[in-house]
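*Asks:* Pasting a predicted model and its sequence here:
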Amino acid sequence: MITKSNFKPAWWLPGPHLQTIWANRIRPKPDISLNRERIELQDGDFIDLDWNNQQSGPLILVLHGLEGSSNSNYAAGILRSFSQRGWAAVLMHFRGCSGEPNRLARRYHAGETDDLAYVLELLRKRYPDRPVFAIGYSLGGNVLLKWLGETGKNNPLTAALAISVPFQLADCAERLNHGFSLIYQKILLAIMLRATREKYTRRDDIDLRILKRLRTIRDFDNHITAPLHGFNDVEHYYGAASSYQQLKHIRTPTLLLHARNDPFMWPSTLPGKNDLSDQVTLELSADGGHVGFVSGLPFRPVYWLEHRIPEYIESFL
């Protein structure tokens, strides 16, 4: 099902880019106290979980976007929103994103669902009587939707939400080569290259000389992401990792929040109603940018996602 969002963008942040940049770069980071837990994985690697300080209510797992963390504005904002409601929430860092390089040669990618499955099973065993929800932003949303499709009815979630998802990875990589979106690509690629140098300087898994020749995220995924994670090339990676083809198989109530003017993808990247299962609702707004969705006044901005997401969760409680 596809529905119209009630989001109304701030008049002083018109268009996709101001919405995106304000929410993700200019907004002061929300203040939230978190406790870190290290999870040892079965393959000898680790991931870090950041918990808020609440013990009651539902249990909510948050997945960040590309090269994000609990320090990302959207992540800190939603964790604070849950804390204000007295709800327990935890952010799962993808491998290598918590401020310390992970141990194995591999890192993470947009289609990696094994770590998500492991953490959710861990939470289910710890809290068998708590309703569990999951939220994924951007790349994290792609991971979540792909896992939901793969598991069908066989998962512990009461419901899920995914925000500004790059449903078709090849489309999104191409979109970032055009217009002002080139700026986002430049910023993200710089972060990815820096993280790669820091991790592999003392390892021989990658010939770091190749990094100087990488100009786009597609280049990076072809020469770094794909070979590190067992894909033949970038086409194989994008095809296998995209969540688009899994949307029909989702059997958990799932809300997709998305703006038509998201500068990380084309309007044609979005799924149509025939691409969605009867458990998936795509809530579309005309404006909002990429993980933006800022309304309100200049000195009293309202971060709409931090109201809409809890509202959806509360409907199941």
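*Replies:* Received the coordinates, thanks.
*Asks:* for G86, what are its contacts?
*Replies:* By C-beta atoms under 8 Å, 6 or more residues apart in numbering, G86 lies in contact with 54, 56-57. C-beta here means a position set from N, CA and C on the backbone, and glycine is covered the same way.
*Asks:* Could you measure from it over to G96?
*Replies:* 32 Å (C-beta to C-beta, to the nearest Å).
*Asks:* In strands, which of the contacts of G86 appear?
*Replies:* 56-57 (DSSP state E).
*Asks:* Now the contacts of G86 in JSON lines, please, with extra columns for neighbour count, pLDDT and distance to D171.
*Replies:* Shown next, in JSON lines, are those (neighbours: other C-beta atoms under 10 Å; pLDDT from 0 to 100; distance: C-beta to C-beta, whole Å):
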{"residue": "Q54", "neighbour count": "17", "pLDDT": "78", "distance to D171": "38"}
{"residue": "S56", "neighbour count": "10", "pLDDT": "81", "distance to D171": "41"}
{"residue": "G57", "neighbour count": "17", "pLDDT": "87", "distance to D171": "38"}
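*Asks:* Between the contacts of G86, which sits nearest R106?
*Replies:* Among the contacts of G86, Q54 lies closest to R106 (C-beta to C-beta), at 32.9 Å.
*Asks:* Does the closest one touch A88 like I think?
*Replies:* Yes - with contact defined as C-beta atoms under 8 Å, Q54 reaches A88; the gap is 4.7 Å.
*Asks:* residues bridging contact with those two, i.e. touching both?
*Replies:* In contact with both Q54 and A88: F82, using C-beta under 8 Å, 6+ apart.
*Asks:* A190: neighbour count?
*Replies:* 11 (other C-beta atoms under 10 Å).
*Asks:* I meant F180, not that one.
*Replies:* 12.
*Asks:* now the one 3 residues further on
*Replies:* Taking other C-beta under 10 Å as the criterion, the count of residues near I183 is 14.
*Asks:* Now do the SS call for it.
*Replies:* For I183, the assignment made with DSSP: H, G, I helix; E, B strand; the rest coil gives helix.
*Asks:* With A173 instead?
*Replies:* helix.
*Asks:* if I read this right, it contacts F220, doesn't it?
*Replies:* No - between A173 and F220 there is no contact under C-beta under 8 Å: 9.5 Å.
*Asks:* For the stretch 1-150 of the chain, which segments count as strands?
*Replies:* 2-4, 35-40, 46-51, 56-63, 87-92, 132-137 (DSSP state E, counting those that start in this stretch).
*Asks:* looking at the ones you listed, which is closest to A240?
*Replies:* Of the strands of the stretch 1-150 of the chain, nearest to A240 by C-beta to C-beta is strand 132-137, at 17.9 Å.
*Asks:* Look at D205 and report its pLDDT.
*Replies:* Here the pLDDT value assigned to D205 is 84.
*Asks:* Please report how far the nearest residue to it once chain neighbours are set aside lies from H229.
*Replies:* Spatial nearest neighbour of D205, chain neighbours left out: A105 (4.1 Å); criterion: C-beta to C-beta, 6 or more residues apart in numbering. The gap separating A105 from H229 is 10 Å, by C-beta to C-beta.
*Asks:* When the two are compared, which one has more neighbours?
*Replies:* H229 (18 against 14).
*Asks:* In contact with the more buried one, which residues?
*Replies:* H229 makes contacts with 106, 109, 112, 237, as judged by C-beta under 8 Å, 6+ apart.
*Asks:* can you rerun that using 7 Å?
*Replies:* 106, 109 (C-beta atoms under 7 Å, 6 or more residues apart in numbering).
*Asks:* Also S70?
*Replies:* Contacts of S70 by C-beta under 7 Å, 6+ apart are 34, 50, 76, 91.
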